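*Asks:* no sequence for this one, just the structure:
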C-alpha cells in the first residue's frame, strides 16, 4: 500500500495570512500549537480527570447524543453487514455521565467505543465560546462551534460541506485526508442512509479489502495524513474526505465550522438529488450534452471565456441574472411546480 504524504505544516500565522494563503489555497494545513494557551488545553495537560472537571464546569445541563459500539468492533462505527442498519447504538445522556464513563473505561484492556461527536457549544457549553477563541476567524463570520469527546474510535472517511478548523484539546488524533476528486476511489456508501448525516467510505482503513475495493490503492496515492497533539489545529477545506482515528483512551476536539456562501444558497446536495430525477438516467449522448450546458453556465472551467451572460443586457437576463429576492422567489416557484405534480 502506498504511504500517504504528510499534511503541510506552517508556523504561527495571523488572520490575514490565514485567509489569503490557507483558505484560498484550498488544501489541508496543520498549525502546530496554535491554541495551546486555551484554558481547556491547559486543563487537559493536567490530566484526563482535570479536563473532565473543567468541562463539567461549562456544562449547561443539556443531554448529549452519544454513540456506543461493542468492544469487538475496535472502535469502528459502521453499518450492519447488509448496510440496512448500524453496528452501534445511539442514546442521550448527561455530559457528566459520559465523562465519568470515559474516565472509567480508560483502564479496560478492550473497552467499547464511546463518543459524542458534535456537542453544540452555544446550547450545551456556552462558556466554551469565550474560553476557546479562534483568532483566525473574523468575529463577524457565522460559525458552528462544537465539541467532540470520546475514546479510541474510528470515524469512516466522509466529507463535510463546511470548512473546519479542528482543534485538538486532549489526546492524539490521526486524520487521513483525500481531495474531492477521489470520490470514485473511496467507494462511498448509501447517500440517504448514513451514520451521522454524511455519506461514508465503505473501506475499512485498518484492513482494506483490495479485492473488493481495488481503486482504494489509487486513493491512498492522493492521501495526506497528520497526527494532532493537544494545541494543534488542522484546517480542512469543505468537501475534502477525512478519516479520523482517536489514538488515546480519552480525547477531545473543538471544531469551528463555517461556510462562505450567499445567504440564499441551498446545499448543492439538493442539486444532486434533483439530478437523480432529471439527468442520471438519460441516454449517454443527451446526458453529456447537458454536461456542456452545466459547464458553460455553472462551472465555467474556461476562465478566459468570462461571464456566459455578458452578451445579454443585465436587465434582460431573467432567471440567469444577478441573484435578487425577486429572482429567488421565481426560481423557487419554477422548481416547486413540477415537483408538486
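*Replies:* Thanks, I have it. Just so we're clear, the structure is a prediction, and the values are computed from it rather than from any experiment.
*Asks:* And the strands in the stretch 51-200 of the chain?
*Replies:* 64-69, 88-93, 113-120, 144-150, 154-158, 163-170, 173-178 (DSSP state E, counting those that start in this stretch).
*Asks:* Any idea which of those strands gets closest to residue 341?
*Replies:* For these, proximity to residue 341 was assessed by CB to CB; strand 154-158 is nearest, at 34.3 Å. C-beta: built from backbone N, CA, C; applies to glycine.
*Asks:* which phi and psi does residue 255 have?
*Replies:* Phi and psi for residue 255, reported as degrees, to the nearest 10, are phi -110, psi 140.
*Asks:* nope, residue 234 is what I meant
*Replies:* The phi/psi pair for residue 234 (degrees, to the nearest 10) is phi -110, psi 120.
*Asks:* Not counting sequence-adjacent ones, nearest residue to it?
*Replies:* residue 166 (4.5 Å; CB to CB, 6 or more residues apart in numbering).
*Asks:* What residue spans form the domains of the protein?
*Replies:* Listed domain ranges for the chain are 5-258, 268-340 (source: the TED database).
*Asks:* what about the shortest one, start to end distance?
*Replies:* Read it as domain 268-340. End-to-end span of domain 268-340 (CA to CA, to the nearest Å): 21 Å.
*Asks:* Stretch 112-128 too?
*Replies:* Termini of stretch 112-128 sit 28 Å apart (CA to CA).
*Asks:* just checking, residue 128 touches residue 121?
*Replies:* Yes. The criterion here is CB atoms under 8 Å, and residue 128 meets it with residue 121 at 4.5 Å.
*Asks:* Name the nearest residue to residue 218, sequence neighbours excluded.
*Replies:* Nearest to residue 218 is residue 185, by CB to CB, 6+ apart, at 4.8 Å.
*Asks:* Next, count neighbours for that neighbour.
*Replies:* Residue 185 has 21 neighbours, counted by other CB atoms under 10 Å.
*Asks:* what's near enough to touch it?
*Replies:* Contacts for residue 185 (CB atoms under 8 Å, 6 or more residues apart in numbering) come out as 215, 216, 218, 219, 222.
*Asks:* Between those residues, identify the one with the most neighbours.
*Replies:* Counting by other CB under 10 Å, top hit in those: residue 219 with 26 neighbours.
*Asks:* Make sure I have this right: that residue is in a helix.
*Replies:* Yes. According to DSSP: H, G, I helix; E, B strand; the rest coil, residue 219 belongs to a helix.
*Asks:* Nothing else from me, thank you.
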